[in-house]
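# could you look at this predicted model? Sequence included:
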Amino acid sequence: MLGPVFLNNSCSKQTSNRRPPKEAKVVLLGFDGVEPRLLETWMAEGAFPNLEKLAQKGTYTSLGSTNPPQSPVAWSSFTTGMHPGDHGIFDFIKRDPVTHLPDFALNRIEFPKARLGLLPGGQLQAENLRRGDPFWLHAANNGVRVAALHIPYTFPALTLPGGRSLTGLGTPDIRGTNSTFIYYGSNLSSDGETGVSGGRLFKLNINADKAESVVPGPPMGSEDHRYLTIPIRFERIQGGVRITVDDQRWDVPVGQWSPWTTFRFPVTSLWSIRGVGRFLVLEDQPEIRIYLTPISTDPSRQFIPVSNPEDFAGQIHKNVGDFSTVGWVHDTSAVDAGILPDDHFLHQVLDTMNFRERLLLSQLEQNDWDLLMSVFTATDRAAHMFYRYLDSAHPRHNPEALARWGQPLKKVYQRMDAVVGKIMERIDDKTKLIVMSDHGFHHFRRGFHLNTWLAQHGYLTFRGVPEGSLPDPIPEDSFFPDVDWRKTKAYALGTGAIYLNLKGREQWGTVSPGEDAQRVQLDIRKRLLDIKDPITGTQVIRQIYLGSDVFKGQAQRNAPDLQLGYSDGYRGSVKTLLGGFGKAILENNQDAWSGDHSASDVADTSGMFFTNWQLESASPLIVDLAPTILRMFGVAPPAGIAGVNIA
């Protein structure tokens, strides 16, 4: 059964006269995925004067992440103060033990169902699948006034007594996906609509310098998977393209972004679903090529519940400016697809940071809060896409681009430092300041086809194929094509997780719990740790953890049986993510996505941690922040929190 339905929320008028047991002011700034070793190198060069000043005044150290050191896992531990075995988030995706198929692990959404060919009015229904409440909800229930901005994986928006929240990473786009860009091009070979990972492509047929297409919107709620659309028109003009959507018309020069555009997807004569996005004109001659950002819900008329009180997002839109509510707002998929150039991606990253800084400062100035938290995810997305600028050994390293653009990631880190500096200028000495990242980062040069390895060593078997062999040709599809589950002992999903085909848990389990399961686990572990890259001689996997050791808790049954910690430069292949196979065990990573952390060894992937006071603990963990902040307000942590007070 789905969780709360967010309809006509009346909480915008709620206030709280209750005060916390202890008066305090705390500002927490989260910067997703900042790598301490890079930070320290550039800080030593004088690139981050504000962070250097903060470290001299208070504390700078590393912050232990989760296993795996992956954003949904780590931010869920930050949010709840729990280890993964208790909050139940182990990856972006989870698997169904009955079908072995992957599903999104963080939340469940449901669009309104069509009745008589029509969609009813209202909002999308949503449920957060994480166990455990956010620690700031407990704080708010005890009189702490909370403003929570863009905290990852807190969608749908949380009701905070006397406070306000705006969701961040994990918030879907108008189509209900993590983030789907749209591309219009006369250069496409296939007519109509086609798809790539994270995007939809529409062929433009130009006639007298004009072309027509559609903007795809939310699903119609019908079983045939159709979606709502609205027409769009393109026309060549001098030096650019004229774009017309409804009553909006933009003349956009080549290489420039359009103003924010409202998309009204009509459902009935009385109701439409509204989204917002921006166009980028990539080319007008000889081809017309247009990029459209993933469409977010309109903050002022939400179809997707992104803020609480509900009118909070609308007030932000009115007072701070236009913005996207999509959690994965920095469009890495369009860069990987070769559609969004690096310079425009950097513009998108910095533009989003600028907006979030303005929002943060506006909330800071209101001074009606006790706990103010804001998370910037640009640092993580920029690292994923720009590590190849740092890494001369990466297959996609481009010395010419490096000479032209410099180090884009350093520019993003410098923007982070500027944000920290503005907060330091505006808070008094009594206000506690915490600056942190949820994990570090690594190079990603080579991908490991884990399911291929399992098949070659007899742990995974295909129908009609001898044990230890792969079909010829190797299946191109994901989702374990042609796997014989009645002969399979183990399989891999996600970037670094292995699951046993366990009797009593999986539908066609072959491995008995207990000694048999332990024998298979230890055998796989030993063999994998022995693997060396034949090109470099490097040990591919740095460490492998038994799920029974590292995922203790209420959700352990759903956890991986083996969690891999790859060495720097390696990660599970893209095909492994969704149950696919490759021809070789290792292959070069040819994607722009050139940095990673999601299956790195937690012992080598800590985040950063700054405070403006001297810290008592020398080895803080991300789970420690929840009880530490609660204790600052004199609020006892709720039962189940694993962290300790480090203040």
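Good, I have the coordinates.
# so who does residue 365 touch?
residue 426 (C-beta atoms under 8 Å, 6 or more residues apart in numbering). All C-beta spots, glycine's among them, are computed from the backbone N, C-alpha and C.
# point out where the protein drops to low pLDDT.
1-17, 113-122, 221-225 (pLDDT under 70).
# list the buried residues for the longest helix seen in it?
With secondary structure taken from DSSP state H, the chain has its longest helix at helix 342-366. Of the residues in helix 342-366, 342, 344-346, 348-353, 355-357, 359-361, 363-364 count as buried by neighbour count, 16 or more other C-beta atoms under 10 Å.
# repeat that for stretch 493-508.
Using 16+ other C-beta under 10 Å as the burial criterion, the residues of stretch 493-508 that qualify are 493, 494, 495, 496, 497, 498, 499, 500, 501, 502, 505, 506.
# distance of the fourth one relative to residue 474?
Residue 496 sits 21 Å away from residue 474 when distances are taken as C-beta to C-beta, to the nearest Å.
# for residue 282, same thing?
When distance is defined by C-beta to C-beta, residue 282 is 35 Å away from residue 474.
# pick out whichever of these two has more residues nearby.
The residue with more neighbours, out of residue 282 and residue 474, is residue 282; 21 against 17, by other C-beta atoms under 10 Å.
# between the helix or strand that contains the more buried one and helix 342-366, how many degrees?
Taking DSSP states H and E as the definition, one finds residue 282 inside strand 279-283. Angle of strand 279-283 versus helix 342-366, following axes from the mean of the first three to the mean of the last three C-alpha atoms, to 10 degrees, is 160 degrees.
# helix or strand next in line after strand 279-283, which one?
Per DSSP H and E, the first helix or strand lying C-terminal to strand 279-283 is strand 289-292.
# sheet partners, orientation included, of that next one?
Taking DSSP bridges as the criterion, strand 289-292 forms sheet pairs with strand 181-185 (antiparallel), strand 279-283 (antiparallel).
# what's the closest of these to residue 239?
Nearest to residue 239 among the strands paired with strand 289-292 is strand 279-283; the distance by C-beta to C-beta comes to 9.6 Å.
# what does that closest one rub up against?
Defining contact as C-beta under 8 Å, 6+ apart, one finds that strand 279-283 is touched by 240-241, 243, 250, 252-258, 261, 289-293, 339-341, 344.
# distance from it to the middle of the chain?
How far strand 279-283 lies from its chain's middle: 25 Å, per C-alpha atoms, centre = their mean, to the nearest Å.
# for it, buried residues please.
Quick answer for strand 279-283 (16+ other C-beta under 10 Å): 279, 280, 281, 282, 283.
# next one: the residue lying farthest from the centre of the chain from residue 187, what distance?
Distance from the centre of the chain peaks at residue 208, with 42.2 Å (C-alpha atoms, centre = their mean). When distances are taken as C-beta to C-beta, residue 208 and residue 187 turn out to be 18 Å apart.
# now residue 629
As defined by C-beta to C-beta, residue 629 lies at a distance of 52 Å from residue 187.
# follow-up on the earlier one: helices - which of the buried residues of stretch 493-508 land there?
With DSSP H as the criterion, helices contain none of the buried residues of stretch 493-508.
# show me which of the residues you listed is closest to residue 615.
Ranked by distance to residue 615 (C-beta to C-beta), the buried residues of stretch 493-508 are led by residue 496 at 30.8 Å.
# looks like the closest one contacts residue 601 (just checking).
No: applying C-beta atoms under 8 Å, one finds residue 496 not in contact with residue 601, separated by 9.5 Å.
# overlap in contacts, those two.
Common contacts of residue 496 and residue 601 (C-beta under 8 Å, 6+ apart): 565, 566.
# who touches the residue nearest to residue 605 when sequence neighbours are not counted in this structure?
In this structure, residue 605 finds its nearest non-sequential neighbour in residue 69, 4.0 Å apart by C-beta to C-beta, 6 or more residues apart in numbering. Residues touching residue 69, when contacts are defined by C-beta under 8 Å, 6+ apart, comprise 438, 439, 440, 597, 598, 600, 602, 605, 606.
# now compare those and name the two farthest from each other.
When these are compared pair by pair using C-beta to C-beta, the farthest-apart members prove to be 598 and 606, with a separation of 14.8 Å.
# downstream neighbour of the one helix or strand residue 373 maps to in the secondary structure list?
Counting by DSSP H and E, the secondary-structure element that holds residue 373 is strand 371-376. Tracing the chain past strand 371-376, the next element assigned as helix or strand by DSSP H and E is helix 378-390.
# in the stretch 151-300 of the chain, which spans are helices?
Secondary structure of the stretch 151-300 of the chain, counting by DSSP state H, counting those that start in this stretch: no helices present.
# and the strand or helix carrying residue 63, C-alpha only, in PDB?
Using DSSP H and E, residue 63 sits in strand 59-63. In PDB, the C-alpha atoms belonging to strand 59-63 read as follows (Å, rounded to 0.1, in the frame of the first residue of the first chain):
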ATOM      1  CA  THR A  59      38.200  21.200  12.800                       C
ATOM      2  CA  TYR A  60      39.000  19.600   9.500                       C
ATOM      3  CA  THR A  61      39.100  15.800   9.200                       C
ATOM      4  CA  SER A  62      37.700  13.000   7.100                       C
ATOM      5  CA  LEU A  63      34.100  11.700   7.600                       C
END
